[in-house]
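Q: quick one, structure for this:
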Amino acid sequence: MIILLIFAFLAGIVTILSPCILPILPIVLSGTVSGDKKRPYGIIVGFILSFTFFTLFLTTIIRLTGIPTNALRIIAGVVLLVFGLGLIVPGFQVLIEKLFTKLSVFAPKANPHAGFWGGFVIGLTIGIVWTPCVGPILASVIALAATSQVTIETFLITLLYSIGTAIPMFFIMYGGRNLLKKAPWLTRNSLTIQRAFGILMILFALAIFTNADQQLEAYLAATPYGADLTQIENNGAVTKQLNALKGNQSANAPIDTNELFNTNTPAPDFVGITKWLNTDKPLTIKDLRGKVVLVDFWTYTCINCIRTLPHVTSWYDKYHNEGFVVIGVHTPEFAFEHETANVENAIKQYHIYYPVAQDNNYATWNNYNNEYWPAEYLIDANGNIRREDFGEGEYPQMEEAIQTLLKQAGHKVSQKLDTLPDMTPQDEISPETYLDSARMQYYYPSSTLGDGTSNYTLTDSPPQNTFSLGGQWTINDGNAVAGKNATLTYNFTASNVYLVLNPASGKKPSQIKVLLDGKPVDATNEGTDVKNGVLTVPEDRLYNLINLHGKTESHVLKLEFETPGIQGFAFTFG
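A: This is a model prediction of the structure:
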């Protein structure tokens with residue numbers, strides 16, 4: 001237990017270095033330019049109490065009261081909007097101060113808004129709206145809290161984590177106030193700085209109302225840097241203590257020697273879910289006891305996931321009346337995959353009728369220690385994971401395992417297995433190829449490119465499994481944006497070629513000419529999204545550019561981007 005407390009405290013301190021802190025940093029810094037010297041203390045105390053309380057009890061509060069999950073965030077946004085206006089408009093700040101004086105018996109003196117209690121209210125809102133880059137320790141606490149397993153141990157862990165996070169916050173505010181005193185230029189312009197932070201607080205409030213803050217935090221958490229900061233918690237001692245905290249005796253649990261089953265461990269819960277789709281209420285592993293559950297981690301632009309979905313949806317359609325449930329956990333790879341509307345469109349496109357959880361913050365992904373798209377976890381009626389499958393294939397074995405667990409739970413099921421074809425490529429094909437600077441490794445001639453806008457000279461026929469750029473391109477950490485006269489060639493080996501694309505902002509239609517070995521594609525080789533040699537890009541998704549109808553061959557693909565501003569993310573092959 002001591003080990004968990006120590007690492008929870010250290011993880012909290014390290015959080016200040018994580019990109020997830022960026023959205024609330026203006027609110028923290030506002031404590032340096034407004035109010036008296038007690039204000040930072042109020043912010044810190046309010047944050048510690050709020051974050052600890054809502055981390056442990058938010059799920060229970062929602063379940064007992066029926067309050068929408070987003071209601072508290074909206075209230076917090078209103079509070080931040082009011083305080084932001086107070087920093088900008090002196091007259092409005094006076095009204096707030098008078099209101100606080102009347103409402104607070106603890107601060108009857110003048111100007112409570114500027115002191116401890118004003119800061120305390122801001123700290124409360126930070127604790128409600130902030131989503132940290134969750135590591136395994138806090139993820140486990142959230143999972144236990146979601147199933148009402150709040151103990152003195154989980155309370156102390158959460159409290160130590162919040163205190164660890166609060167300490168560097170306090171020193172930022174304290175150091176900022178001292179800097180103002182020592183720097184005459186900053187002192188003379190303190191009112192301007194105060195108003196600037198007021199504007200930033202208002203912008204953050206507006207981000208809360210539109211959920212843009214969660215999208216930003218999710219994107220930042222998914223960056224390699226954001227993920228690396230949680231590695232402080234990934235060690236054997238912490239894992240052992242977490243297993244003990246969760247009552248996980250999996251090390252001693254017998255594993256069924258039947259080849260259908262490869263594990264026997266308690267199933268983690270669904271935590272940190274941004275939104276539930278295809279269901280009227282959030283679901284928990286506890287709620288699903290007595291049913292056989294398949295947890296499917298997927299994302300809608302992943303070609304491997306797309307090839308798996310027909311099997312998963314078929315199993316659900318076939319067995320859901322016999323006590324079988326599928327939970328699709330949509331954990332995004334690219335920034336636009338965080339958008340609920342995009343996920344809803346994919347749900348309709350692939351005829352998904354089972355519940356889908358948007359795991360935008362990777363909380364459930366981390367709670368399962370998952371590393372793959374797609375990944376399937378088959379859970380028996382007692383809440384234990386009995387089979388794990390990663391990637392494509394072994395569909396008959398998974399369906400037989402589903403049937404076996406349903407029979408063990410007392411259901412009668414047909415022995416007949418689905419005969420859907422396995423679309424997993426059997427031949428050696430080109431590798432998944434990213435176009436962003438962070439993961440680019442197949443660019444010719446230099447393998448990788450740095451960030452920025454440049455003009456490139458196209459290689460008409462690059463070496464096998466490499467691509468070349470021509471014309472103007474802007475290379476970013478997340479994508480490559482086509483500019484004037486942008487072209488791309490790729491020397492691939494596959495039967496199908498796919499590319500994740502975003503349309504150019506405000507430019508419709510966004511179009512790309514598609515050529516194969518120097519000639520426009522036609523009905524014999526064009527992908528399902530290409531018509532008359534032209535690909536139209538109306539939305540953010542995966543597009544099929546080439547379809548050789550089952551023949552794995554090597555060719556040179558050329559793309560001519562007729563619309564500047566189209567964003568490219570990654571090639572995949574089939």
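Q: residue 459 and residue 487 touch, don't they?
A: No. Using Cβ atoms under 8 Å, residue 459 is not in contact with residue 487; the gap is 10.4 Å. From N, CA and C alone the C-beta is placed, and that goes for glycine too.
Q: tell me which of those two has more neighbours.
A: The residue with more neighbours, out of residue 459 and residue 487, is residue 487; 20 against 17, by other Cβ atoms under 10 Å.
Q: ok, and the closest non-adjacent residue to the more buried one?
A: The spatially closest residue to residue 487, leaving aside those adjacent along the chain, is residue 470, at 3.9 Å (Cβ to Cβ, 6 or more residues apart in numbering).
Q: now the residue positioned nearest the centre of the chain: phi and psi?
A: What sits nearest the mean C-alpha location of the chain, by Cα atoms, centre = their mean, is residue 360, with 2.7 Å. For residue 360, the backbone dihedrals (degrees, to the nearest 10) come out as phi -60, psi -30.
Q: swap in residue 501?
A: phi -140, psi 150.
Q: same check, this time on residue 571
A: Its backbone dihedrals place residue 571 at phi -90, psi 140, with angles given as degrees, to the nearest 10.
Q: quick check: closest non-adjacent residue to it.
A: Using Cβ to Cβ, 6+ apart and skipping residues adjacent in sequence, the residue nearest residue 571 is residue 433, 4.2 Å away.
Q: helix/strand/coil for the residue nearest to residue 487?
A: Classification of residue 470 into helix, strand or coil gives strand, according to DSSP: H, G, I helix; E, B strand; the rest coil.
Q: show the model's pLDDT score for it.
A: According to the predicted model, the pLDDT of residue 470 comes to 96.
Q: so who does the residue nearest to residue 571 touch?
A: 441, 442, 465, 467, 490, 570, 571, 572 (Cβ atoms under 8 Å, 6 or more residues apart in numbering).
Q: if we can go back for a sec, list the contacts of the residue nearest to residue 487.
A: Remark: with contacts taken as Cβ under 8 Å, 6+ apart, residue 470 is in contact with 456, 457, 458, 485, 486, 487, 488, 489.
Q: show the buried residues in those residues.
A: The neighbour-count test (16 or more other Cβ atoms under 10 Å) marks 456, 486, 487, 488, 489 as buried among these.
Q: make TSV out of those and add distance to residue 37.
A: As requested, the buried ones among the contacts of residue 470 are exported to TSV (distance: Cβ to Cβ, whole Å):
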residue	distance to residue 37
456	56
486	56
487	61
488	58
489	63
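Q: for the residues you listed, point out the one with the lowest pLDDT.
A: Among the buried ones among the contacts of residue 470, residue 456 has the lowest pLDDT, at 94.
Q: which ones are touching that one?
A: For residue 456, the contacting residues are 468, 469, 470, 471, 472, 473, taking Cβ under 8 Å, 6+ apart as the criterion.
Q: change it to 6 Å
A: Residues near residue 456 by Cβ atoms under 6 Å, 6 or more residues apart in numbering: 469, 470, 473.
Q: spatially nearest residue to the first one (excluding sequence neighbours)?
A: Of all residues not flanking residue 469 in the chain, residue 456 sits nearest, at 4.2 Å (Cβ to Cβ, 6+ apart).
Q: near residue 285, how many other residues are there?
A: 20.
Q: got phi/psi on it?
A: Backbone torsions for residue 285, taken as degrees, to the nearest 10, come to phi -60, psi -40.
Q: correct me if wrong: it contacts residue 269.
A: Yes. Counting by Cβ atoms under 6 Å, residue 269 is a contact partner of residue 285 at 4.8 Å.
Q: could you say what helices and strands the strand or helix carrying residue 48 packs with?
A: Under the assignment given by DSSP states H and E, the secondary-structure element containing residue 48 is helix 39-65. With contacts defined as 3 or more Cβ pairs under 6 Å, 6 or more residues apart in numbering; DSSP states H and E, the secondary structure elements packing on helix 39-65 are helix 25-33, helix 116-129, helix 152-182.
Q: comparing those by mean pLDDT, which bottoms out?
A: Least confident of those, judged by mean pLDDT, is helix 25-33 with a mean of 63.
Q: start and end of stretch 445-453, how far apart?
A: With Cα to Cα, to the nearest Å as the measure, stretch 445-453 spans 18 Å from end to end.
Q: stretch 491-505 too?
A: As for stretch 491-505, its first-to-last residue distance stands at 29 Å under the measure Cα to Cα.
Q: what's it in contact with?
A: Residues external to stretch 491-505 that are found in contact with it (Cβ under 6 Å, 6+ apart): 301, 303, 429-430, 462, 464, 510, 537, 540, 542-548, 550-552, 554, 556, 563, 565-574.
Q: among the contacts of residue 433, find the lowest-pLDDT one for me.
A: Going through the contacts of residue 433 one by one, the lowest pLDDT turns up at residue 441, 87.
Q: surely it is within a helix?
A: No. Secondary structure of residue 441 (three-state DSSP): coil, not part of a helix.
Q: need the phi and psi values for it.
A: Note on residue 441: backbone dihedrals following degrees, to the nearest 10 are phi -140, psi 0.
Q: next up, the contacts around it.
A: So residue 441 contacts residue 447 (Cβ under 6 Å, 6+ apart).
Q: over to residue 336?
A: Contacts here follow Cβ under 6 Å, 6+ apart; on that basis residue 336 touches residue 540.
Q: name the SS class of it, please.
A: Following three-state DSSP, we place residue 336 in the helix state.
Q: what separation do you get for it and residue 535?
A: As for residue 336, its distance to residue 535 is 18 Å (criterion: Cβ to Cβ, to the nearest Å).
Q: residue 510 - how many residues pack around it?
A: In terms of burial, residue 510 registers 24 neighbours under the definition other Cβ under 10 Å.
Q: cool, and residue 383?
A: In terms of burial, residue 383 registers 16 neighbours under the definition other Cβ under 10 Å.
Q: same deal with residue 448?
A: Here the count is done by other Cβ under 10 Å, and residue 448 has 12 residues near it.
Q: list the contacts of it.
A: Taking Cβ under 6 Å, 6+ apart as the criterion, residue 448 is in contact with residue 440.
Q: can you do 10 Å?
A: 437, 438, 439, 440, 441, 442, 475 (Cβ atoms under 10 Å, 6 or more residues apart in numbering).
Q: what is the end-to-end distance of stretch 462-478?
A: End-to-end distance of stretch 462-478 (Cα to Cα): 23 Å.
Q: buried set for that stretch?
A: With burial defined by 16+ other Cβ under 10 Å, the residues of stretch 462-478 counted as buried are 462, 465-476, 478.
Q: could you dump those residues to CSV with distance to residue 446?
A: Conversion of the buried residues of stretch 462-478 to CSV gives the following (distance: Cβ to Cβ, whole Å):
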residue, distance to residue 446
462, 12
465, 15
466, 10
467, 12
468, 10
469, 11
470, 15
471, 17
472, 17
473, 13
474, 17
475, 12
476, 17
478, 20
